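**Student:** below is the sequence, then the predicted model.
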There are 2 protein chains.
Amino acid sequence: MTESHDDSGVFKALADPTRRQILEDLRGGELAAGQIAGRFAISAPSVSRHLGVLRTAGLITERRDGNRILYALAEDRLAACVGRFLSAVCPEQIVLRHTKWRPDTRADEKGTEA
Amino acid sequence: MTESHDDSGVFKALADPTRRQILEDLRGGELAAGQIAGRFAISAPSVSRHLGVLRTAGLITERRDGNRILYALAEDRLAACVGRFLSAVCPEQIVLRHTKWRPDTRADEKGTEA
DNA sequence: AGACTGTTTAGCAGATTAGCTAAATTGCTA
DNA sequence: TAGCAATTTAGCTAATCTGCTAAACAGTCT
């Protein structure tokens, strides 16, 4: 089984096109919730909830800046979860660069275990 | 926009843990629907539906063998869709091997500014 | 304090999803 | 043809998801 801890939340988060687009938008750097919402046709509260899902999945981090809340991409987390899965299903086609998580050799050094 | 055509179906298909596990199981080679179903606690019809979702997403292919239907992993499709997304969000962390799909113009800089 | 901006939380409606059982389909074999 | 095994399709229910509007919360500024 390749599902480490809560990778499930990550894949569920990636299931929605709006959320995937948010992640892509965040590729350019931090963005405030309002800025992100402004890029979509849906309401701000809806975007806020998407951000909540992404944050719960660990795919983004938030930081308060005065009035606003800035969101940033958690690239490592995304690459780790998805990469771990890909390396379990089609390891020939993909290669991960930053492997701070160790694909198969052994578990994690941190107490990721129960 | 990195979403090519119906990548959406792929990510939705990956959102379910059972379906991800099916893909991993298929890594070992072709399996009949019954063999796959036997690995899960859920009913055969439920597994059949999962297989349908995976097939519609293009992640697996099916082939009839007498009484049974054998399913096989469509690795290229999986690597292409997911890889395309990863290379759009965190290109530094991953490297794709089989690039038969075209990552996009290398000079990609978010110009969606207002 | 009061007003204003930015963002999230609450509560609701409509759509989708996953699981189940029963029944239909497909192919093999006696 | 009847019978059996392997799978899928149909139909139903319960849970989850997404979007919306209204309201609440947080922070800034005069």
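**Tutor:** Ah, there it is.
**Student:** okay, CA-based contacts and neighbour counts for the rest of this
**Tutor:** OK.
**Student:** assumed A:Pro91 was part of a helix.
**Tutor:** No: using DSSP: H, G, I helix; E, B strand; the rest coil, the assignment for A:Pro91 is coil, not a helix.
**Student:** list the contacts of it.
**Tutor:** Residues near A:Pro91 by Cα atoms under 8 Å, 6 or more residues apart in numbering or on different chains: none.
**Student:** all helices of chain A, in order?
**Tutor:** A:7-14, A:17-26, A:33-37, A:44-56, A:75-89 (DSSP state H).
**Student:** what would those helices look like in a markdown table with mean neighbour count?
**Tutor:** Formatted as a markdown table, these follow (neighbours: other Cα atoms under 10 Å in any protein chain shown):
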| stretch | mean neighbour count |
| --- | --- |
| helix A:7-14 | 22 |
| helix A:17-26 | 20 |
| helix A:33-37 | 17 |
| helix A:44-56 | 17 |
| helix A:75-89 | 22 |
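**Student:** between those, which one is closest to B:Leu14.
**Tutor:** B:Leu14 lies closest to helix A:7-14 among the helices of chain A, at 6.4 Å (Cα to Cα).
**Student:** the closest one - contacts with which helices or strands?
**Tutor:** For helix A:7-14, the packing partners by 3 or more Cα pairs under 8 Å, 6 or more residues apart in numbering or on different chains; DSSP states H and E come out as helix A:44-56, helix A:75-89, helix B:7-14.
**Student:** pipe the helices of chain A into CSV and attach mean pLDDT and distance to B:Ala15 per row.
**Tutor:** Shown next, in CSV, are the helices of chain A (pLDDT from 0 to 100; distance: least, Cα to Cα, whole Å):
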stretch, mean pLDDT, distance to B:Ala15
helix A:7-14, 96, 5
helix A:17-26, 98, 12
helix A:33-37, 98, 24
helix A:44-56, 98, 13
helix A:75-89, 95, 12
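**Student:** what would those helices look like in a markdown table with distance to B:Phe11?
**Tutor:** Output for the helices of chain A, formatted as a markdown table (distance: least, Cα to Cα, whole Å):
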| stretch | distance to B:Phe11 |
| --- | --- |
| helix A:7-14 | 6 |
| helix A:17-26 | 9 |
| helix A:33-37 | 21 |
| helix A:44-56 | 15 |
| helix A:75-89 | 11 |
